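Asker: Please work out how this folds:
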Amino acid sequence: MKIESVIEDQLNKLLEVETDDRFTVESVYYRGDTLCVSTQIGCPVRCSFCASGRNGLIRNLSFEEIVFQYNLAEAEGMNIKNIAFAGIGEPLLNWENVEKSFWYFKEKGLKCSFYTTGFPVKHLRELLDLPHNGVNISFHAVSDEKRKQIIPYGEPLQKIVDTLKEHLGKLSNRKKKMYNIAYLLIKGFNDSEEELDKLSDMAKNLNIGVSLLKYNEIDGLPYSSTTDEEYERAFLFLREKGIRVTLSNRYRTRKIGGCGTLMVNRMKS
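Answerer: Numbers count the residues shown, from 1 in each chain. This next block holds a predicted model:
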């Protein structure tokens, strides 16, 4: 395996990692201490707003390929304290290698967080029980009908909610702060006041926060980002409902290297 810095600036570094069979996946080093790693080459969930799974799944990354992203980045002199399983792929669909990687990183004293659609839910239960440092569950809609449009392969929302409620019922309010509903705000699709009101009810029911993400527009995909004003309005609406809300930071709103923009074989194509 080898690594190449494709884009580097004051915000972050987009890293292209080539596997021995000559596929490439992307990792992102951001905030001066965090490495976002990929877990699959492509993604079988195929979220319709995301560049990572446009061609489906090619294969899972091995344990060695996941941890090499960290080892190679560290060899490049990057100061890494946190690992985010939030790159290309659904971590739960490569669970054996992801879980093994998690324990490897923990033994190195690194904090580990996850972004997941919650599919399959049997592995979501196992993930929730790990000594992780944060889990964001991608809802992106408040009805199964709409969620199916943008996440065609996933669990029903109620199944995910029930799994979360069972787990969260065992935790203190302090520990519940490590959990968030991830909600990607897409203009004209899931940004109505009615939908945001239902989202606030879901968050209150679970007693967790909302990670409100700003959509990064991708060429060829039929979705639009909200304006900054619309995004702020949605944030304030949820805040006024008493919800703990976090916004996309500057590292996640990049045209390349931000949420939903990572690709397989970018340089080859």
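Asker: What ranges does this structure have for its helices?
Answerer: 63-75, 95-107, 121-128, 144-150, 157-168, 173-176, 193-206, 228-240 (DSSP state H).
Asker: any chance of the ones you listed in CSV, plus mean pLDDT and mean neighbour count?
Answerer: Where you see a C-beta, it was placed from the backbone N, CA and C, and this is true even at glycine. What follows is these, written out as CSV (pLDDT from 0 to 100; neighbours: other CB atoms under 10 Å):
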stretch, mean pLDDT, mean neighbour count
helix 63-75, 94, 19
helix 95-107, 98, 18
helix 121-128, 97, 17
helix 144-150, 95, 15
helix 157-168, 97, 16
helix 173-176, 94, 11
helix 193-206, 98, 16
helix 228-240, 96, 15
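Asker: Is it possible to get TSV of the ones you listed that adds distance to residue 17?
Answerer: Shown next, in TSV, are those (distance: least, CB to CB, whole Å):
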stretch	distance to residue 17
helix 63-75	5
helix 95-107	14
helix 121-128	23
helix 144-150	27
helix 157-168	30
helix 173-176	33
helix 193-206	35
helix 228-240	32
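Asker: Among those, which comes closest to residue 51?
Answerer: Nearest to residue 51, of all the helices of the chain, is helix 144-150, at 13.6 Å by CB to CB.
Asker: Can you dump the C-alpha atoms of the closest one in PDB for me?
Answerer: In PDB, the C-alpha atoms belonging to helix 144-150 read as follows (Å, rounded to 0.1, in the frame of the first residue of the first chain):
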ATOM      1  CA  ASP A 144     -39.200   5.400   5.900                       C
ATOM      2  CA  GLU A 145     -40.700   6.400   2.500                       C
ATOM      3  CA  LYS A 146     -38.300   9.400   2.200                       C
ATOM      4  CA  ARG A 147     -35.400   7.600   3.800                       C
ATOM      5  CA  LYS A 148     -35.700   4.800   1.200                       C
ATOM      6  CA  GLN A 149     -35.300   7.300  -1.600                       C
ATOM      7  CA  ILE A 150     -31.900   8.400  -0.400                       C
END
